[in-house]
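Asks: Got a predicted model here, sequence first, then my questions.
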Amino acid sequence: MVKKKLKNSLLNVKSSSFFGDIKTVGLIVDESYFSHTQLLIKELVEAGVVEGNIELLLYKSKLKNNLGSSVTRLESGYLDWKAQIKNEAVNNFLAKDFDLLVSYYDVDKAILLVATHESKAKFKVGFSAIDKRLNNLMINTNSENYKVFVQELFRYLKILNKI
């Protein structure tokens, strides 16, 4: 039911037209399959993003409490049967007008797809394995190749005059 509602809402996706430099970055990470989030953030910082301008929305099927308080947690239980997220902290993250949203997951999960879809970010980037309608730019690699992902991301952002 949730995936059906999401699929129907993807029929109404509006393309964004973002012009300008990328300063703020929202990062949605599925730590069920990718456990190098800090290394990914380090790569983004080395590529020129100010660390203080990166915000993290973290999904993990079994959450551990060893992360800092600056991380917004995403849980499957936050998603209701109408494909709406019912958590204030997550909705606040999604309402932020990030210049760039990086959807760092390559496995379809309803909660992650809804989070990307509902984000108010100006420019969205993700993996080519995920529904093409969600992102403005898709990178063809897998989540374990975070260095390749960041290199390709910044290569295309330069081509598109986003940085």
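Replies: Received it, and whenever you're ready, just let me know what you need.
Asks: Next, name the residue at the spatial heart of this protein.
Replies: The chain has Ser103 as the residue nearest its centroid, 2.5 Å off, counting by C-alpha atoms, centre = their mean.
Asks: Are we agreed that that one is in a helix?
Replies: No: counting by DSSP: H, G, I helix; E, B strand; the rest coil, Ser103 is not found in a helix; it is strand.
Asks: wait, what's in contact with it?
Replies: Ile28, Leu112, Ala115, Thr116, Lys124, Val125, Gly126, Phe127, Ile130, Leu134, Asn135 (C-beta atoms under 8 Å, 6 or more residues apart in numbering). In this view, the C-beta of every residue, glycine as well, is placed from N, C-alpha and C.
Asks: same question, Ser119
Replies: Listed by C-beta under 8 Å, 6+ apart, the contact partners of Ser119 are Gly26, Ile28, Leu94, Phe98, Leu101.
Asks: can you list these in JSON lines and add pLDDT and secondary structure?
Replies: Below are the contacts of Ser119 laid out as JSON lines (pLDDT from 0 to 100; DSSP: H, G, I helix; E, B strand; the rest coil):
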{"residue": "Gly26", "pLDDT": "97", "secondary structure": "strand"}
{"residue": "Ile28", "pLDDT": "97", "secondary structure": "strand"}
{"residue": "Leu94", "pLDDT": "97", "secondary structure": "helix"}
{"residue": "Phe98", "pLDDT": "96", "secondary structure": "coil"}
{"residue": "Leu101", "pLDDT": "97", "secondary structure": "strand"}
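Asks: picking up where we left off before, identify the residue nearest the residue nearest to the centre of the chain in space, chain neighbours excluded?
Replies: Nearest non-adjacent residue to Ser103, counting by C-beta to C-beta, 6 or more residues apart in numbering: Gly126, 3.7 Å away.
Asks: do Ile163 as well
Replies: Using C-beta to C-beta, 6+ apart and skipping the chain neighbours, the partner closest in space to Ile163 is Leu157 (4.7 Å).
Asks: Look up how far Ala89 lies from that neighbour.
Replies: Noted for Leu157: a distance of 28 Å to Ala89, by C-beta to C-beta, to the nearest Å.
Asks: And these two? Which one has more around it.
Replies: Leu157 (19 against 12; other C-beta atoms under 10 Å).
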